[in-house]
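Colleague: compute the structure for the input listed below.
(one chain, ligands or ions: 2)
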Amino acid sequence: MDPTDGKGNAGTIRWDVLTIGHLSRNKFWGESSDKAYRSPRCTCTLIRLNERTIIVDPSCPPEEMIRVLDQRTGLKAEQITDVFLTHFHGDHRYGIEAFPDARRFMARREIDHCRGQLPPDSPEGLLLDRLIPVDHSLTPGIQIVHTPGHSEGHSSLVFDSGGLTVVVAGDAAMTRDFFRARDYYFNTTDPEAAVHSIDRIAAIADIVIPGHDNYFLNQRS
Ligand SMILES: [Zn+2]
Ligand SMILES: [Zn+2]
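Modeller: Ligands and ions are numbered 1, 2, ... in the order given. Alright, predicted model coming up:
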């Protein structure tokens, strides 16, 4: 079965990883958490469902984002209808200005939490004002699941694709190694919640698209 094609009631979902992310430091490679070894890049995914073209976590600077979108899908920036942020860390919204006309979504809890932290007239505060808060569903067929711990209001997207449950986990699952070890990243705000979120994803996912790695199978027994 081709896992990138699926038929559900809401229509056929196609998903493509646009950029495979990596970490600034990876303890599973023997690296220290105390310094950055490289600039981080997050994993960016495109989800297509009916007329919606949804970028999750635009990872590159805008010009590069547009180039990558073309290289990976042949689509132009104007064809992107929506952007969803799993959380508000800078590396997960780096390329958002590549899509000035797209609707921009983030979980209400993450928006509310960030509002309390950021000056309203800062660039981040102004960007936050442009985000549309969502709670349980991005569109019929794509669920939003609250996966806190890495950040207060972190959320993941869940959908069916070809009979398989795909979880776009963002930084609730940093990499395959972090996920399988039920481990969290050094900058996690609530470690206990982070581990609980990994357990939740592990209970439902067939395929996990992590925050900073290629997608992988969740081997459930
Ligand atoms: Zn993050
Ligand atoms: Zn990240």
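
Colleague: helices along the chain, start to end?
Modeller: Per DSSP state H, the chain has helices spanning 62-73, 108-115, 123-129, 176-180, 191-204. These are given in chain order.

Colleague: with adjacent residues omitted, what lies nearest to the most centrally placed residue in the chain?
Modeller: Nearest to the mean C-alpha position of the chain, counting by CA atoms, centre = their mean, stands residue 170 at 3.6 Å. Nearest-residue entry for residue 170: residue 86, 2.7 Å, with adjacent residues in sequence omitted and distances by CB to CB, 6 or more residues apart in numbering. For the C-beta atoms, the positions are set from N, CA and C on the backbone; glycine is no exception.

Colleague: neighbours around that neighbour, how many?
Modeller: Residues near residue 86, counting by other CB atoms under 10 Å, number 30.

Colleague: residue 151 versus that one, what's the distance?
Modeller: Here the distance between residue 86 and residue 151 works out to 9 Å (CB to CB, to the nearest Å).

Colleague: what is in contact with those two at once?
Modeller: Between them, residue 86 and residue 151 share the neighbouring residues residue 171, with contact defined by CB atoms under 8 Å, 6 or more residues apart in numbering.

Colleague: in the chain, where is pLDDT below threshold?
Modeller: Per-residue confidence of the chain (counting by pLDDT under 70) places the weak regions at 1-10, 221.

Colleague: which bits of the chain sit near ligand 1?
Modeller: 89, 171 (CB under 5 Å from the ion).

Colleague: which bits of this structure sit near ligand 2?
Modeller: Of all the residues in the chain, those in contact range of ligand 2 (CB under 5 Å from the ion) are 42, 171, 211.

Colleague: out of those residues, who has the most neighbours?
Modeller: By neighbour count, taken as other CB under 10 Å, the most surrounded of those turns out to be residue 171 (32 neighbours).

Colleague: list the contacts of the closest residue in space to it that isn't next to it in sequence.
Modeller: The shortest distance from residue 171 to any residue other than its chain neighbours is 3.8 Å, reached at residue 211 (CB to CB, 6+ apart). Contacts for residue 211 were tallied using CB under 8 Å, 6+ apart; they are 21, 42-43, 57, 86, 92, 150, 169-175.

Colleague: which of these are buried?
Modeller: Among the contacts of residue 211, those classed as buried by neighbour count (16 or more other CB atoms under 10 Å) are 21, 42-43, 57, 86, 92, 150, 169-175.

Colleague: so which of these are in strands?
Modeller: When DSSP state E is applied, the buried ones among the contacts of residue 211 are split such that 169-170 fall in strands.
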